[in-house]
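> can you look at this prediction? I've put the sequence above it.
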Amino acid sequence: MVSMDTKQWARLVLVALSLLAGGCGSTAGGLRRGPLPLEVTFWKPWLLNTARAPYAKLYVEVDAVRGAEPPQRWLDEMEAFLREQCDKPGGVTVVRSDLIAPEEAAASSVTSLALRHLDGPPPESAYIYVLYYNSALNPQLKTANPHAVVFPYPCAVVVDRNYNEAGFGDVLGSLILKHEVAHLLGAARDPAHGDGAHCGRRGCLMNPAFEYAGAGRGAGLQLQMTFCADCLRDMARWRATEAPGNLRFQGAYLARREAGYSVLTLPNAVHLHLGTAETLPGGPLWAAMKRAGSGPLQGREGFILSSSATGSTASVRTALRSAEKDPVSMVRKSARFFSAQMDRQGLPP
């Protein structure tokens, strides 16, 4: 049997820790060349936010470093946008959650802040996480453009207020937030009018570059106030599209269930569980991720790759063979690592 008790769950996460350069989101400038990677698009996670089922409600958690908080107007406009573009008869709830001390932010990576502070959705709700921070507080951080996370946790938006202020002030803050959140609703996914991430229509809010009119840097009228008809059609199509039956929120984790294994993700964290959905790890794994956010990821960005298993050696080996063909490279990497561990232990192939 390959099984692990509570202590082993937590230890395995740290043993399987792998720090890599990571991060994927919207970019400023021009359109991409070529389609988005398959691992970003094949599972259509944005449908959890747009479709009526399996979640009739949408919960948005907003954390912010003190001094970098978004004005209430930005959140109100985002909420109105979400109510309009998502089919959620149970409503959309936007909650200001943690106010993070600048002293903590000054010694933390962005991923570590997210792992320590995000709480996840209440039961029966889809989920979007928004984090506002200020890279000027931490000399180890580079100024970053606001971005929606498309992998591995495609339900998060991260906004560096230092970039806002350095680039074009806070004049466009509400539009930037709507642009990023629209990524999580499937806007511009149709490559017929863009690159699958951004829209090629000049004047559309999903264009990768903002344009200005008028005199003064960032002081004139902003041309991109709305979404083009094509992007609106994209979001309307996703509202009417059924979400995949194998995607669910497991606490704060976004869980994708496959035959014999599951993939659980958090910001910059991918966990491979070999076993049935009923044996998915819970509290101990969550606690281990929080510790990783306070430990190995405290000072720099990176990925956490971890894995666990329940069941017989034969069933785990069968699950591994499937996981080694998963569309996501990080899952395949974890599966190969786990298989090598079993080989070293002399377990049957």
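Noted; the coordinates are in hand.
> use CA for all of it now, contacts and neighbours both
Noted.
> quick one: contacts for T111?
Neighbour list for T111: P267, N268, G293, L297, E301, G302 [criterion: CA atoms under 8 Å, 6 or more residues apart in numbering].
> again with F81
Contacts for F81 (CA under 8 Å, 6+ apart) come out as K178.
> give me phi/psi at it?
Main-chain torsions, F81, degrees, to the nearest 10: phi -60, psi -40.
> repeat that for N138.
With angles defined as degrees, to the nearest 10, N138 sits at phi -120, psi 110.
> hang on, the earlier thing: can you redo the contacts of T111 as TSV with pLDDT, secondary structure and distance to L38?
Below are the contacts of T111 laid out as TSV (pLDDT from 0 to 100; DSSP: H, G, I helix; E, B strand; the rest coil; distance: CA to CA, whole Å):
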residue	pLDDT	secondary structure	distance to L38
P267	92	coil	19
N268	90	coil	18
G293	80	helix	28
L297	69	coil	27
E301	73	coil	23
G302	77	coil	21
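> contacting residues around stretch 260-274?
22-23, 111, 114-115, 151-153, 156, 252-257, 275-277, 280-281, 302-310, 315-316, 318-320, 322-323, 330-331, 334-335.
> coming back round to it: tell me the two of the contacts of T111 that are most distant?
P267 and L297 (11.4 Å; CA to CA).
> before we move on, the earlier item: any chance of JSON lines for the contacts of T111, columns distance to P349 and neighbour count?
Below are these laid out as JSON lines (distance: CA to CA, whole Å; neighbours: other CA atoms under 10 Å):
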{"residue": "P267", "distance to P349": "33", "neighbour count": "25"}
{"residue": "N268", "distance to P349": "31", "neighbour count": "25"}
{"residue": "G293", "distance to P349": "35", "neighbour count": "23"}
{"residue": "L297", "distance to P349": "34", "neighbour count": "24"}
{"residue": "E301", "distance to P349": "36", "neighbour count": "20"}
{"residue": "G302", "distance to P349": "32", "neighbour count": "23"}
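> closest to E79 out of the residues you listed?
Closest to E79, out of all of the contacts of T111 and judged by CA to CA, is P267, at 22.5 Å.
> run a quick neighbour tally on P123.
If you count neighbours by other CA atoms under 10 Å, P123 ends up with 12.
> residues contacting K142?
By CA under 8 Å, 6+ apart, the neighbours of K142 are S135.
> show me where the stretch 1-150 of the chain has its helices.
Here the stretch 1-150 of the chain has its helices, by DSSP state H, counting those that start in this stretch, at 6-15, 38-41, 47-50, 72-85, 102-105, 110-117.
> circling back: please narrow the contacts of stretch 260-274 to those residing in strands.
Mapping the contacts of stretch 260-274 onto strands (DSSP state E) picks out A156, Y253, L254, A255, R256, R257, I304, L305, S306, S307, S308, A309.
> element containing the nearest residue to the fourth one once chain neighbours are set aside, please.
Nearest in space to A255, with sequence neighbours left out and distances taken as CA to CA, 6 or more residues apart in numbering, is L264 at 4.4 Å. Secondary-structure element containing L264, defined by DSSP states H and E: strand 261-266.
> any idea of the angle that strand forms with strand 253-258?
In terms of direction (axes from the mean of the first three to the mean of the last three CA atoms, to 10 degrees), strand 261-266 departs from strand 253-258 by 160 degrees.
> which strands border strand 261-266, and is each parallel or antiparallel?
Paired strands of strand 261-266, with direction, are strand 253-258 (antiparallel), strand 269-274 (antiparallel) (DSSP bridges).
> looking at those strands, which is buried most?
The highest average neighbour count among the strands paired with strand 261-266, using mean count of other CA atoms under 10 Å, belongs to strand 269-274 at a mean of 26.
> so how far is it off the chain centroid?
Distance of strand 269-274 from its chain centroid, counting by CA atoms, centre = their mean, to the nearest Å, is 15 Å.
> and that strand with strand 304-309, angle?
10 degrees.
> numbering from 312 from now on, please.
I'll keep to 312 as the first residue from here, and by that count the last item is strand 580-585.
> okay, angle between strand 580-585 and helix 421-428 too, please.
Using the same axes, to 10 degrees, strand 580-585 lies at 60 degrees relative to helix 421-428.
> thinking again about what came up before, how about the strand holding L575 as PDB, C-alpha atoms only?
Extracted as PDB, the C-alpha positions of strand 572-577 are listed here (Å, rounded to 0.1, in the frame of the first residue of the first chain):
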ATOM      1  CA  TYR A 572      -5.800  11.300 -10.000                       C
ATOM      2  CA  SER A 573      -6.500  15.000  -9.200                       C
ATOM      3  CA  VAL A 574      -4.600  18.200  -9.700                       C
ATOM      4  CA  LEU A 575      -5.000  20.900  -7.100                       C
ATOM      5  CA  THR A 576      -3.700  24.400  -7.700                       C
ATOM      6  CA  LEU A 577      -3.000  27.600  -5.700                       C
END
